[in-house]
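Asker: here is the input, now give the coordinates:
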Amino acid sequence: MIFFEGEKLVGDILSRELTVTKLFFSAEMEKRLPEIAATVVEYWVVSRQVLEKISDLKTPPEIIAVLEMPVWELDFKHQKIVFGFDTVQDPANLGTVFRCAAAFGISALALAGACVRANHPKVVRSAQTALLDIPFQVFPSCEKLIAKAQTQGAHIYVTGSHATEQPLVVERMEFPCLVLFGNEGQGLEQRLLQRFPLIRLDQKERIDSLNVAVSACILMHDVKRIHGL
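Answerer: Okay, the predicted model is just below:
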């Protein structure tokens, strides 16, 4: 389940042709409910105390929408570019990745290994409705993700901050493809960096690495600018 909290965010959800499993709101909020295009299965008028128990926020909102977690099966034959993340654990990072993917037209995301769950409250607050806009699939390991991509004919690219003699420039990327990012602390395993072509962002040497979400968003922008998405 995914919990979307707050009048503005829930208003956006309700304006779409989605199915909302439960809609919780206060008596005051009932007087100013927005126009609803979504299918709402259950309406609940609840007290502030109930909203406090449901909400993850220090100051609970007056309205909360609950949706089922979307389920997608990625097909690399039909996805031009998939950005994959191995064991990214900071929910704010993952939420930012979802928003940037939506902004720059990335086909889909893949979450591998011990990634933070996509419906973590902090991911939802950061990603907002991008969580519903970008297809994504969860894989038990990076190897499982790579195996599926290769079986379906996708090119595999890795990213890293270490200098290499012949990094792959974005202009030479081939599609469909999977672009892999490692976690915040260690990046991708060395064996993966040696196994696949490396894409490295051009940066000053005194900065050893960039935040994974920042790096991903810069590369998403470059891919859109150069290849069009």
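Asker: going by C-alpha atoms from here, please, whenever you check contacts or count neighbours.
Answerer: Noted.
Asker: give me the most central residue, this structure.
Answerer: Nearest to the mean C-alpha position of the chain, counting by Cα atoms, centre = their mean, stands residue 98 at 3.0 Å.
Asker: wait, that residue sits on residue 136?
Answerer: No. Using Cα atoms under 8 Å, residue 98 makes no contact with residue 136, being 9.4 Å away.
Asker: domains of the protein?
Answerer: Taking automatic domain parsing as the domain assignment, the record places the domains of the chain at 2-67, 81-227.
Asker: tell me the most buried of those?
Answerer: Across these, averaging neighbours per residue (mean count of other Cα atoms under 10 Å) puts domain 81-227 on top, at a mean of 18.
Asker: what helices or strands is the helix or strand of the chain with the lowest mean pLDDT leaning on?
Answerer: Every helix and strand in the chain was compared by mean pLDDT, DSSP states H and E; the lowest is helix 190-195, with a mean of 90. When contacts are defined as 3 or more Cα pairs under 8 Å, 6 or more residues apart in numbering; DSSP states H and E, helix 190-195 packs onto strand 155-159.
Asker: next SSE after the strand it packs on?
Answerer: Using DSSP states H and E, the helix or strand that follows strand 155-159 in sequence is strand 177-181.
Asker: how far off centre is that next one?
Answerer: Computed by Cα atoms, centre = their mean, to the nearest Å, the chain-centroid distance of strand 177-181 equals 14 Å.
Asker: can you check stretch 52-69 too?
Answerer: On Cα atoms, centre = their mean, the centre of stretch 52-69 falls 20 Å from that of its chain.
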